[in-house]
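Chemist: sequence below, structure please.
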Amino acid sequence: MSNAAPKSPDVSRWLPALGWLRTYDKAWLRGDVVAGITLAAYLLPAGLGDASLANLPPEAGLYACLFGGLVFWLFCSSRHTVITVTSAISLLVGASLGEIAGGDTSRFSVLAAGTAVLVALIAFVAWLVKAGSIVNFISESVMTGFKCGVALFLASTQLPKLFGIHGAHGNFWKNSGNFLTHLHETNPTSLTIGGAALAVLVLGKIFLKNKPVALFVVVGGILASGWLGLEARGVKLLGEVPQGLPAFGLPAIHWADWDELLPLAFACFLLGAVETAAIGRMFTAKHGGRLDANQEFLALAASNLAVGLGRGFPVSGGMSQSLVNEGAGARTPLSGAFAAGIILVVVLFFSHLLAALPQPVLAAVVLVAVAGLFKVSALKHLWRSDRTEFVVAIAAIVGVLGQGLLRGVMIGAIISLVLLIRRASRPHIAVLGRIPGTRRFSDCERHPDNELVPGVLIFRPESGLMYFNMDHVRDRIVDRVRAETTPPRLVVLDLSATPRVDMHSAQMLGSMADELTASGIRLQTVEARSSVRERLRGEGVDDKLGGINRFTSLADALEGFQ
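Modeler: Numbering: from 1, shown residues only. Okay, the predicted model is just below:
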């Protein structure tokens with residue numbers, strides 16, 4: 001009997017950092033430190049701007065970047081992905097909390113933190129059940145449309161701040177109407193300072209890529225506020241930002257609030273999961289390695305839990321921040337930890353300096369930061385390549401603009417699932433012909449020069465045969481047979497592209513064979529896989545289908561008939 005101690009579980013499976021830290025090369029440290037400093041310069045203004053989008057105090061954005069960054073690097077499997085507040089989730093939170101809070105703005109912060117805790121719970125459950133593949137259910141066309149809608153909605157919320165006029169709190173149409181109605185109330189000083197910031201940011205994006213231009217614009221705005229006395233000229237400032245760390249703990253909200261926050265949390269998780277996985281896939285394709293989508297769920301769970309306990313709001317992987325991180329020379333996720341450390345220093349000692357930041361400057365930072373969400377090139381590509389996908393993207397845009405961000409996310413998810421079900425329920429049924437001069441057969445629709453076999457129709461369903469698509473398959477085959485001027489004597493069913501047949505479909509194949517036989521047409525099935533053959537034999541329909549075996553090829557069946 002062996003007395004060997006049981007093998008302890010490999011903790012690095014859940015904490016990948018423990019694995020790569022063991023082999024960390026000191027030569028990487030400089031790149032990670034430089035990337036961390038550059039990244040912090042991007043995250044600071046992003047945190048302030050996205051907190052504004054979420055209708056939360058500015059420190060909430062700083063806390064989210066701080067606590068998320070301190071935790072995410074330990075759990076993530078991607079070496080360049082950065083956890084941060086994002087414009088899409090921030091807008092979603094801001095647009096939804098007003099209704100949940102019943103207009104009580106004092107509850108916004110605690111409800112936002114509660115949402116982050118729920119996102120963590122959902123992500124943890126997704127990790128437990130290994131649901132990494134669910135992110136693939138949201139199509140790229142839906143995400144393109146959603147992001148374009150978010151960009152337009154964002155413009156309707158930030159333009160009033162840029163022009164120094166009072167903004168509305170509603171959907172895109174209400175916000176746009178309010179902006180146009182009050183355009184005559186523009187504060188010239190606000191527009192000047194905001195326009196100047198916007199111009200510098202746009203020029204920096206063109207000529208100084210991957211440089212912390214936004215940080216210099218924020219610092220310049222704070223200095224200009226004091227030198228020019230902007231507040232006395234009617235320019236709104238950011239206001240007091242508390243110095244130090246918040247009380248760490250579970251948000252004190254009622255049980256009923258948790259229930260109301262659940263749809264919002266699920267929408268935030270869905271957006272965060274899709275965005276984080278997309279970023280990870282992009283870097284994996286570029287640098288090699290392996291992305292574990294389930295591990296990213298655990299990283300999202302841990303970071304959102306830390307953010308929720310630290311009075312922030314939901315976070316996810318940020319595309320622009322991750323690109324900045326990579327461009328600055330990051331070699332490992334340690335750069336995110338360094339960036340979080342710098343934000344911690346700012347929160348502890350320098351946050352009071354942010355109070356003098358002009359709101360128009362902050363609006364300019366936000367507008368430029370998310371300008372990339374509206375991808376005209378992506379919409380043009382969809383229009384040229386796939387009109388159905390283009391319509392889906394437009395539907396997602398309209399859903400966001402007309403129904404709000406939360407419903408827009410749900411509409412996008414529903415559209416994706418409906419498209420998936422529609423495609424699965426209407427598989428392509430290829431009519432095969434002989435490739436000239438060979439014993440091989442292919443789709444006549446794609447290859448019109450193929451030779452049809454006299455007296456024979458050959459069909460190849462290009463999907464599994466299931467209860468939800470078998471009616472379509474049967475109708476296509478029977479309708480084509482009936483449409484022939486001279487009825488065929490043999491119908492061959494090539495099941496080489498059919499990985500699975502369920503009980504209902506097997507029985508329907510038997511009934512279709514009976515119907516064809518009654519019309520004097522023989523049905524012969526060929527090229528069926530072993531699991532399909534077993535199913536057809538199990539349902540007792542193999543004789544009706546001409547006998548099922550693994551030896552007869554399509555060419556053999558036709559030679560035997562002729």
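Chemist: count of neighbours near residue 166?
Modeler: Residue 166 has 10 neighbours, counted by other Cβ atoms under 10 Å. (C-beta placed from N, C-alpha, C; glycine too.)
Chemist: try residue 350
Modeler: With other Cβ under 10 Å as criterion, residue 350 counts 12.
Chemist: that one and residue 60, how far apart?
Modeler: Distance of residue 350 to residue 60, computed by Cβ to Cβ, to the nearest Å: 17 Å.
Chemist: next, count neighbours for residue 348.
Modeler: 11.
Chemist: ok, residue 550 next?
Modeler: 11.
Chemist: check which helices and strands the longest helix along the chain sits against.
Modeler: The helix that spans the most residues within the chain, counting by DSSP state H, is helix 255-287. Applying 3 or more Cβ pairs under 8 Å, 6 or more residues apart in numbering; DSSP states H and E, one finds that helix 255-287 contacts helix 87-100, helix 108-128, helix 293-309, strand 316-317, helix 319-327, helix 405-425.
Chemist: so, low pLDDT: which residues of the stretch 351-500 of the chain?
Modeler: The model of the stretch 351-500 of the chain has pLDDT under 70 over residues 369-370, 372, 404-407, 409.
Chemist: what about the strands in it?
Modeler: 429-434, 441-443, 456-461, 490-494 (DSSP state E, counting those that start in this stretch).
Chemist: just to revisit the earlier point, for the longest helix of the chain, buried residues please.
Modeler: Neighbour counts over helix 255-287 (16 or more other Cβ atoms under 10 Å) mark 257-258, 260-261, 263-280, 282-284 as buried.
Chemist: ok now that helix, how far from the chain's centre?
Modeler: 7 Å (Cα atoms, centre = their mean, to the nearest Å).
Chemist: now that helix: mean pLDDT?
Modeler: If you average the pLDDT over helix 255-287, you get 81.
Chemist: and if you look at stretch 32-51?
Modeler: Stretch 32-51 shows an average pLDDT of 82 in the prediction.
Chemist: distance from the chain centre to that stretch, please.
Modeler: On Cα atoms, centre = their mean, the centre of stretch 32-51 falls 22 Å from that of its chain.
Chemist: re earlier: make JSON lines out of the strands of the stretch 351-500 of the chain and add distance to residue 24.
Modeler: Below are these laid out as JSON lines (distance: least, Cβ to Cβ, whole Å):
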{"stretch": "strand 429-434", "distance to residue 24": "54"}
{"stretch": "strand 441-443", "distance to residue 24": "53"}
{"stretch": "strand 456-461", "distance to residue 24": "53"}
{"stretch": "strand 490-494", "distance to residue 24": "55"}
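Chemist: out of those, nearest to residue 202?
Modeler: Among the strands of the stretch 351-500 of the chain, the nearest to residue 202 by Cβ to Cβ is strand 441-443 (50.2 Å).
Chemist: circling back: export the strands of the stretch 351-500 of the chain to TSV and append columns for distance to residue 250 and mean neighbour count.
Modeler: Below are the strands of the stretch 351-500 of the chain laid out as TSV (distance: least, Cβ to Cβ, whole Å; neighbours: other Cβ atoms under 10 Å):
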stretch	distance to residue 250	mean neighbour count
strand 429-434	56	19
strand 441-443	60	18
strand 456-461	54	22
strand 490-494	60	23
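Chemist: right, and these - which one's nearest residue 251?
Modeler: strand 456-461 (53.3 Å).
Chemist: can you pull the contacts of the residue nearest to residue 436 when sequence neighbours are not counted?
Modeler: Excluding its sequence neighbours, the residue lying closest to residue 436 (Cβ to Cβ, 6 or more residues apart in numbering) is residue 451, at 5.9 Å. Each residue near residue 451 by Cβ atoms under 8 Å, 6 or more residues apart in numbering is listed here: 433-436.
Chemist: kindly provide the distance from residue 451 to residue 558.
Modeler: 11 Å.
Chemist: from what I can see residue 130 touches residue 292, true?
Modeler: No. Contact between residue 130 and residue 292 fails when scored by Cβ atoms under 8 Å: they sit 10.1 Å apart.
Chemist: neighbour-wise, which of those two wins?
Modeler: More crowded of residue 130 and residue 292, by other Cβ under 10 Å: residue 292, with 17 against 10.
Chemist: how would you label the residue lying closest to the more buried one once chain neighbours are set aside: helix, strand or coil?
Modeler: Excluding its sequence neighbours, the residue lying closest to residue 292 (Cβ to Cβ, 6+ apart) is residue 77, at 4.3 Å. Under DSSP: H, G, I helix; E, B strand; the rest coil, residue 77 falls in the coil class.
Chemist: what sits against residue 77?
Modeler: 16, 280, 290-292, 295-296, 299.
Chemist: 10 Å instead, please
Modeler: 16, 20, 280, 284, 289-296, 298-299, 333 (Cβ atoms under 10 Å, 6 or more residues apart in numbering).
Chemist: ok, residue 254 next?
Modeler: 107, 114, 260.
Chemist: dump those residues into TSV; add distance to residue 425 as well.
Modeler: Conversion of these to TSV gives the following (distance: Cβ to Cβ, whole Å):
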residue	distance to residue 425
107	45
114	40
260	35
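Chemist: what about the helices in the stretch 351-500 of the chain?
Modeler: 359-369, 376-385, 387-403, 405-425, 470-483 (DSSP state H, counting those that start in this stretch).
Chemist: what inclination does the second one have with respect to helix 387-403?
Modeler: Looking back up the chat, that one is helix 376-385. Counting by axes from the mean of the first three to the mean of the last three Cα atoms, to 10 degrees, helix 376-385 lies at 140 degrees to helix 387-403.
Chemist: which positions in helix 376-385 come out as buried?
Modeler: Per 16+ other Cβ under 10 Å, helix 376-385 contains these buried residues: 378-379, 382.
Chemist: distance from stretch 86-106 to the middle of the chain?
Modeler: 20 Å.
Chemist: dump it to CSV, keeping only the CA atoms.
Modeler: The C-alpha trace of stretch 86-106 is given here as CSV (Å, rounded to 0.1, in the frame of the first residue of the first chain):
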residue,chain,number,x,y,z
THR,A,86,-15.0,51.2,-20.9
SER,A,87,-17.2,53.7,-22.6
ALA,A,88,-19.8,51.1,-23.6
ILE,A,89,-20.3,49.7,-20.1
SER,A,90,-20.1,53.1,-18.5
LEU,A,91,-22.9,54.4,-20.8
LEU,A,92,-24.9,51.3,-20.0
VAL,A,93,-24.5,51.8,-16.3
GLY,A,94,-25.3,55.5,-16.5
ALA,A,95,-28.4,55.0,-18.7
SER,A,96,-29.8,52.3,-16.4
LEU,A,97,-29.1,53.4,-12.8
GLY,A,98,-31.4,56.4,-13.0
GLU,A,99,-34.4,54.3,-13.3
ILE,A,100,-33.3,51.7,-10.8
ALA,A,101,-32.4,54.3,-8.2
GLY,A,102,-35.7,56.1,-8.7
GLY,A,103,-34.0,59.4,-9.4
ASP,A,104,-32.0,59.3,-6.1
THR,A,105,-28.5,60.2,-7.3
SER,A,106,-27.1,59.6,-3.9
